[in-house]
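*Asks:* Show me how the following folds:
(chains A, B, C and D)
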There are 2 protein chains.
Amino acid sequence: MAANRRPTLADVAREVGVSAKTVSRVLNADGPASAQTREQVLAAVTKLGFQPNLMARNIRVGGPDTTVGLVIPDLANPFFGAVARSIEDTVRDRGLTLLMGSSADDPDRERALTDKFLARRVSVLMVVPSVGAGHAHLKTHRATGLPIVFIDRPGAGLATDSVVSSNRTGAHDGVAHLIAHGHRRIGFVGDLPAKLYTRRERLAGYRSALQEADIPYDRSLVVNAHDQQGAEAVAGQLLDGAEPPTALFAGNNIMALGIVAELARSGRKHVAVVAFDDVSLADALEPALTVVAQDPEEIGRTAAVTALARLDGDRSRARTVTVPTRLIVRGSGEQSVAAART
Amino acid sequence: MAANRRPTLADVAREVGVSAKTVSRVLNADGPASAQTREQVLAAVTKLGFQPNLMARNIRVGGPDTTVGLVIPDLANPFFGAVARSIEDTVRDRGLTLLMGSSADDPDRERALTDKFLARRVSVLMVVPSVGAGHAHLKTHRATGLPIVFIDRPGAGLATDSVVSSNRTGAHDGVAHLIAHGHRRIGFVGDLPAKLYTRRERLAGYRSALQEADIPYDRSLVVNAHDQQGAEAVAGQLLDGAEPPTALFAGNNIMALGIVAELARSGRKHVAVVAFDDVSLADALEPALTVVAQDPEEIGRTAAVTALARLDGDRSRARTVTVPTRLIVRGSGEQSVAAART
DNA sequence: GTGAAAGCGCTAACAT
DNA sequence: ATGTTAGCGCTTTCAC
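*Replies:* The predicted model follows:
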């Protein structure tokens, strides 16, 4: 009942009548040990409920801890959840444990998290960098051999590995799909801040598709929102405007949720939509939602594999891996221009 | 470039020409320190890029580490993602860091994770227990003062706090909603394994609603699936059967996705549906999906608050907190019986 | 096959 | 205001 001290190696050793080192040997399959000693030790371990203190072990051994530090913007965002799961699946075989935290895309929170992770001597640092976060302070750690991988966006001020989606090409293809179905006024609903890498890249893809079709870029068709509710609002405003678009391109999954919700709410079933990043139930909507699907599993896997290779001594140049996106045509991109105008 | 040793307290002390303890004092705002020393120390810390080794600190201080161990079935499931975010938000103020892992509902993986967390001397252990996982081995840790909270389901073999949804009442209300709209043949699509606490409770709620309405329980209307694809398949089979149900109740969010996808695919728009747990875009479906919404934020917050209270010395009896669910009527529960038969 | 001593990086408990 | 000593729980090193 009282807060008893947890048993230590020494307690186990005392119980058996051997030295601490012998117990350590048995538990780590280090040096030799007689079968009898082994059994006695194991029995005492069970009896006392001994669990080695990993922190104490680690401090002595000196190397990095068997942990991976992972900073993502939001644990509850399905995209990042899928990335995180994939990372975990990949590093689990190596016995690594995940230290996780969400930054809410706040550079200060990101910094606080990475500092904590570094103070815990993580073996690997994986970060979805926030806008405005500098990473120069990580240079010395990188130089010390700590693998650092940026996910979804490149980091600022640090040459290291990163894994991103083919944002520009993907967005281009999604918008081109709309253009192919006759749309010339296509709204872009992007997330914030506007300086966000993914947002900029996807907007660039949007613009390149317009340009290819000789459609002038109309700044008034580009709107922004922080969250789903914001996206609903701006999508509604855009469509209520003087020269409304006949199609919308969603800059990410959250924007897509907002757009789809707003179209459903206002009964505008005939506005064409393509979204960047897949969402669940996309198939069940009417019309089903056409998306530029990302591959979060592959992104997570690649990031983890890259980091583990570095851990294993890979000293090759820092590289940026681009994970391809895939246009999944489901119907919402084919709503007719004429219908949207009604 | 080479893997230089990371600077230690002693390095900083040497740089400044003071003792290690003085540096420690400055950094932890422990005892006094002259303004000049403080500045010099801080400068040296910056210069060397020193970061205190939290593990070394912790081992000396002796108490539990400033970490929270969290085991959930699947990082990519939006429900658990929302719970995790809420937990993180709640424990962040206390400076606690999250150790996370997914069990995939496998008792062995759960055990491996909790053992690792315990070896790291977490301050708090929060677990969504897997079916078949025993928790008797946690008794000694509980007795030692480690707060343990089970989330979403009670744990087996250990009297400790838990936080669950009002599964039975919620499911009852959802099914009653269908019955109120004339349905008497209501299919239950549940997850697996069938022994899962939430599944059993929700099925019990389903049965109690039937009983209240004098509708005999028909075992053939209860089907199971592991995942969304499985749910699509069994929902299709059920509706293709001899005496198909006119309404379906989804046992969780994943089953809901499967059912909705299947109904959309097969064009059965007139089958009534109520789902346990909300899903995104529920509002945008046609008909919009009526759900028994859980409150993952509140579940996470309650679990964290309970654990922190224990950490602060709360020695009251272990309690189970039930977080209420809420029926959100959106339309899919009101599809008519007649229409479903066509 | 086993043990004793030293030390990992840090801080508690005493000095001064 | 600062330094010294000891020691957290473990493993390394070297001895037997």
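
*Asks:* The stretch 201-342 of chain A: helices as residue ranges?
*Replies:* The residue ranges that make up the helices of the stretch 201-342 of chain A, judged by DSSP state H, counting those that start in this stretch, are A:228-240, A:253-266, A:296-311, A:337-341.

*Asks:* Output the ones you listed in TSV, with distance to A:Tyr217 appended to each entry.
*Replies:* Just so you know, the C-beta spots here come from the backbone N, C-alpha and C atoms, and that holds for glycine as well. Shown next, in TSV, are the helices of the stretch 201-342 of chain A (distance: least, Cβ to Cβ, whole Å):
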stretch	distance to A:Tyr217
helix A:228-240	15
helix A:253-266	19
helix A:296-311	29
helix A:337-341	19
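
*Asks:* Relative to DNA strand C, which of those helices is closest?
*Replies:* For DNA strand C, the closest of the helices of the stretch 201-342 of chain A is helix A:296-311, at 19.4 Å, according to Cβ to the nearest atom of the strand.

*Asks:* on that earlier part again, which one of the helices of the stretch 201-342 of chain A is the most hemmed in?
*Replies:* With neighbours taken as mean count of other Cβ atoms under 10 Å in any protein chain shown, those reach their highest mean count in helix A:253-266, at a mean of 24.

*Asks:* ok, and what's touching that helix?
*Replies:* Surrounding helix A:253-266, the residues in contact under the criterion Cβ atoms under 8 Å, 6 or more residues apart in numbering or on different chains are A:77-79, A:189-191, A:225, A:227-233, A:235-236, A:239, A:248, A:250, A:268-269, A:271, A:273, A:275-279, A:285, A:289, A:291, B:280-281, B:283-286, B:288.

*Asks:* so what's the backbone phi/psi at the spatially most central residue of chain A?
*Replies:* Relative to the mean C-alpha position of chain A, the nearest C-alpha, by Cα atoms, centre = their mean, is the one of A:Phe80, at 4.0 Å. When read as degrees, to the nearest 10, the backbone of A:Phe80 gives phi -70, psi -30.

*Asks:* contacting residues around A:Met116?
*Replies:* Residue A:116: Lys, not Met. With contacts defined as Cβ under 8 Å, 6+ apart, A:Lys116 is in contact with A:Leu99, A:Gly101, B:Leu54, B:Thr97.

*Asks:* for A:Leu196, same thing?
*Replies:* Contacts of A:Leu196 were listed using Cβ under 8 Å, 6+ apart, and they are A:Val131, A:Arg153.

*Asks:* From A:Pro129, how far off is it?
*Replies:* Computed with Cβ to Cβ, to the nearest Å, the distance linking A:Leu196 and A:Pro129 is 10 Å.

*Asks:* which residues are common contacts for those two?
*Replies:* Common neighbours of A:Leu196 and A:Pro129, counting by Cβ under 8 Å, 6+ apart, are A:Arg153.

*Asks:* about what we covered before: just the pLDDT at the residue nearest to the centre of chain A, thanks.
*Replies:* The predicted structure scores A:Phe80 at 98 on the pLDDT scale.

*Asks:* Please report how far the closest residue to it other than its chain neighbours lies from A:Ala225.
*Replies:* What sits nearest to A:Phe80 in space, not counting adjacent residues and going by Cβ to Cβ, 6 or more residues apart in numbering or on different chains, is A:Ile72, at 4.3 Å. In this structure, A:Ile72 lies at 20 Å from A:Ala225, with Cβ to Cβ as the measure.

*Asks:* Among those two, which residue is more densely surrounded?
*Replies:* Using other Cβ atoms under 10 Å in any protein chain shown, the more surrounded residue of A:Ile72 and A:Ala225 is A:Ile72, with 25 against 21.

*Asks:* Hmm, A:Asp105 and the more buried one touching each other?
*Replies:* No: the pair A:Ile72 and A:Asp105 does not pass the contact test of Cβ atoms under 8 Å, sitting 9.8 Å apart.

*Asks:* got the residues of chain A near DNA strand D?
*Replies:* Where proximity means Cβ under 7 Å from any atom of the strand, the interface of chain A facing DNA strand D comprises A:5-6, A:8-10, A:20-21, A:24, A:27-28, A:30, A:50, A:52-53, A:56-57, A:59-61.

*Asks:* Of these, keep whichever come out buried.
*Replies:* Burial by neighbour count, judged by 16 or more other Cβ atoms under 10 Å in any protein chain shown, picks out A:Arg6, A:Thr8, A:Leu9, A:Ser24, A:Leu27, A:Phe50, A:Pro52, A:Asn53, A:Ala56, A:Arg57, A:Ile59 from the residues of chain A next to DNA strand D.
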